[in-house]
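Trainee: Give the three-dimensional model of this entry:
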Amino acid sequence: MSTSILRKRNSPLPQGTPSRKKAKGNTVDNEDIRCVACPFSSDGSIVTPVVSEELKEVLLSRFKEELLTKLNGRWNRSRGSKGEEVQMSASEAIIRSRVILGVNQCTRLLESTLKRKKENKSDAESLLPSLIILARDVRPATICSHIPIYAHLLNKVPILVLPGKASVEFGSLLGIKAIAAAMFLSPSKVSSSTNCSDEELDAHNDVDSFINFVVQNL
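Mentor: Residues are numbered from 1 along each chain as shown. Alright, predicted model coming up:
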């Protein structure tokens with residue numbers, strides 16, 4: 001190999017070559033989840049609101065007090081002495097059915113809902129999420145960048161971004177390493193019927209109360 005091609009590791013890059021390190025605060029499309037390039041948007045991008053640190057603390061606190069307490073303080077299922085999963089209470093089952101955690105799980109449900117909507121399926125409306133929460137610290141941001149696009153295609157589902165180290169903080173709250181995305185579903189036609197017990201209705205009301213509070217503060 002010609003020695004003219006070789007370059008010392010610390011030698012300066014030729015003029016016009018992109019720097020190895022990005023300047024602090026310098027972002028382009030899909031480098032920050034708050035602004036995602038989207039061909040379906042009129043201006044070519046989707047801007048998602050980033051809440052303040054103070055509001056983030058309030059949201060996480062309310063999630064803990066209103067929902068997590070019904071799950072014994074942890075998202076992972078409790079297990080018995082032989083490792084078997086302990087049977088869920090009625091309120092726990094409702095909350096777990098309406099709160100979806102993780103990028104993959106959220107993506108699968110959004111794709112399924114979008115497909116059913118395009119096919120004019122009768123149950124498509126009941127599957128629409130009421131709220132989507134994303135963590136801004138996830139890197140690379142492209143891991144979550146498709147979610148705002150799906151939300152836009154599903155009639156602009158309410159969506160927000162939590163600042164700071166939200167994925168770690170949200171995960172720590174639930175006893176999980178990190179949570180990049182969370183989705184809150186509307187009550188289904190079956191579970192919201194008059195056949196629900198008082199415990200189930202209370203759980204639905206708790207989820208709805210959290211959703212309404214977040215949406216009102218967007």
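Trainee: need the strands for the protein, in chain order.
Mentor: 35-37, 45-47, 99-101, 129-135, 159-162, 181-185 (DSSP state E).
Trainee: how far is the fifth one from where the chain is centred?
Mentor: Put simply, strand 159-162 sits 8 Å off its chain's centre (Cα atoms, centre = their mean, to the nearest Å).
Trainee: for the fourth one, same thing?
Mentor: Taking the mean of its C-alpha atoms, strand 129-135 sits 5 Å from the chain's own mean (Cα atoms, centre = their mean).
Trainee: Next, give phi and psi for S42.
Mentor: With angles defined as degrees, to the nearest 10, S42 shows backbone torsions of phi -60, psi -30.
Trainee: tell me the phi and psi of the closest residue to N155 other than its chain neighbours?
Mentor: Leaving aside its sequence neighbours, N155 sits nearest to L128 (Cβ to Cβ, 6 or more residues apart in numbering; 7.6 Å). In this view, the C-beta of every residue, glycine as well, is placed from N, C-alpha and C. Backbone torsions for L128, taken as degrees, to the nearest 10, come to phi -60, psi 130.
Trainee: Does L128 touch P187 like I think?
Mentor: No. The pair L128 and P187 fails to qualify as a contact (Cβ atoms under 8 Å) at a distance of 11.4 Å.
Trainee: Look at those two and report which has more neighbours.
Mentor: More crowded of L128 and P187, by other Cβ atoms under 10 Å: P187, with 21 against 16.
Trainee: Identify the residue nearest the geometric centre of this protein.
Mentor: Among the residues of the chain, the one closest to the centroid is A181, at 2.2 Å (Cα atoms, centre = their mean).
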